[in-house]
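Asks: Show me the folded form of this:
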Amino acid sequence: MALVLRAGQGNKNAYKSLIAAEYCGVKIKHEEEFQMGVSYKTPIFLKRNRLGELLLLETPDGLLVESNSMARYVAKLKGDNTLCGSSVYEYVLIEQWMAFADTEIDEGQKRWIYPRLGVYPIFLLNLQLTKKLYS
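Replies: Below is the predicted model:
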């Protein structure tokens, strides 16, 4: 069974696995026909993914639903690369920066960009707090 990534076109979290695959020479079939608000609500999709996560990687070992876990899985498929570091310390540094990106960069993006794109409603109090925290 090949790796199948089910995520909409332009999903930033899908790029984590796709980039890891490119560096490692791993083939992933990216199913871009996935449609927000439609595909993840179908009975077939929910049977495979009970939480209805918007990103799904089907592997020979089972399903993965979290983007960092997917990227780690793909990166470790080829043992002859150092994408996950060549020592415990390097591995932990990589984990540290992945966590930093999730908690600092992504959170800032959600607060600044998503309301302006109409993904989240604009709450004036949140906007003022975000300006104070990130300015």
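
Asks: Where does pLDDT dip in the chain?
Replies: 1, 32, 34-40, 49-53 (pLDDT under 70).

Asks: ranges for the helices of it?
Replies: Assigned by DSSP state H, the helices in the chain fall at 14-24, 43-48, 67-76, 88-100, 106-117, 124-134.

Asks: Show me which positions of the third one end up buried.
Replies: Put plainly, it is helix 67-76. Using 16 or more other C-beta atoms under 10 Å as the test for burial, helix 67-76 gives Ser67, Asn68, Met70, Ala71, Arg72, Tyr73, Val74, Ala75. All C-beta atoms are positioned from the backbone trio N, CA, C, and that covers glycine.

Asks: show me the contacts for Asn126.
Replies: Arg111, Pro115 (C-beta atoms under 8 Å, 6 or more residues apart in numbering).

Asks: any idea how far it is from Asn11?
Replies: Distance, Asn126 to Asn11, by C-beta to C-beta, to the nearest Å: 24 Å.

Asks: cool, and Lys41?
Replies: The gap separating Lys41 from Asn11 is 17 Å, by C-beta to C-beta.

Asks: is it possible to export the buried residues of helix 67-76 to CSV including distance to Ala20?
Replies: Output for the buried residues of helix 67-76, formatted as CSV (distance: C-beta to C-beta, whole Å):
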residue, distance to Ala20
Ser67, 11
Asn68, 10
Met70, 8
Ala71, 5
Arg72, 8
Tyr73, 9
Val74, 4
Ala75, 4
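
Asks: Show me which of those is closest to Thr103.
Replies: Asn68 (11.6 Å; C-beta to C-beta).

Asks: And that closest one, how far from Gly62?
Replies: Counting by C-beta to C-beta, the gap from Asn68 to Gly62 is 17 Å.

Asks: Then Ser86?
Replies: As judged by C-beta to C-beta, Ser86 and Gly62 stand 28 Å apart.

Asks: Those two: who's more crowded?
Replies: More crowded of Ser86 and Gly62, by other C-beta atoms under 10 Å: Ser86, with 10 against 7.

Asks: who are the neighbours in contact with the more buried one?
Replies: Going by C-beta under 8 Å, 6+ apart, the list of residues near Ser86 is empty.
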